[in-house]
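> sharing a sequence plus its predicted fold:
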Amino acid sequence: MTKTLSTIAIISIGAFAGNMINIGLSYGLHWRSLTPVEFMDTFAVDFPLLLGPTVVTLLPAFIVTAVLYFLSNKGSDAKRYWLFALVGLLIVNVQTAVYHLPLNLQFISQSIDPAIVGARLQSWLLFHWIRVAIAIVVGVFAIKAFESSLNNEK
């Protein structure tokens, strides 16, 4: 059971990181090429399309990582690695809820002065790449946790 859950965690974390990389490298570059109003119009269409893959990858990553943390043996390396992965995913969730989501809603509603949209998009992308980096580190910790749990079975 733990092998299956670990596999689900690693795959979903990797899928989430891949989705975030795709957003940054494709959508992010495209959005920067648009005028502020064009960007906000485009973002209003793009955001709902990007939300599904993000939730479908991040939610199982977070839930399964939490389950694996609680199932791991007390004091084990696996438990410590799952904790690091869980904290990383928690940071990603908090950052998304506190920073990205409110700004996304401002872009969609066009409640931002077009004169500052470019700067806000730049900061959005900067913080987005921080999410990507955290997701990659989380993936490394998940793999280390899985390896550690396999070594303990031997």
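Ah, there it is.
> pull out the buried positions in the helix of greatest length in the chain.
In the chain, with assignment by DSSP state H, the single longest helix is helix 114-153. Buried residues in helix 114-153, counted by 16 or more other CB atoms under 10 Å: 117, 120-121, 124-125, 128, 131-132, 134-136, 138-139, 141-146, 148-149. Yep, even glycine has a C-beta here, placed from its N, CA and C like the rest.
> quick one: average pLDDT of that helix?
Mean per-residue pLDDT for helix 114-153: 95.
> how many neighbours does Val87 have?
Per other CB atoms under 10 Å, the neighbour tally for Val87 reads 15.
> secondary structure element holding it?
If you go by DSSP states H and E, Val87 is part of helix 77-95.
> in stretch 62-72, what's buried?
62, 64-69, 72.
> sorry, back to before: chain center to the helix holding Val87: distance?
Put simply, helix 77-95 sits 12 Å off its chain's centre (CA atoms, centre = their mean, to the nearest Å).
> what's the angle between that helix and helix 114-153?
Computed by axes from the mean of the first three to the mean of the last three CA atoms, to 10 degrees, the angle separating helix 77-95 from helix 114-153 equals 170 degrees.
> list the buried ones in the helix or strand following helix 77-95?
The helix or strand immediately downstream of helix 77-95 is helix 101-109, counting by DSSP H and E. Using 16+ other CB under 10 Å as the burial criterion, the residues of helix 101-109 that qualify are 103-104, 107-108.
> what of stretch 40-60?
Judged by neighbour count using 16+ other CB under 10 Å, the buried positions of stretch 40-60 are 40, 43, 46-47, 50, 53-54, 57-58, 60.
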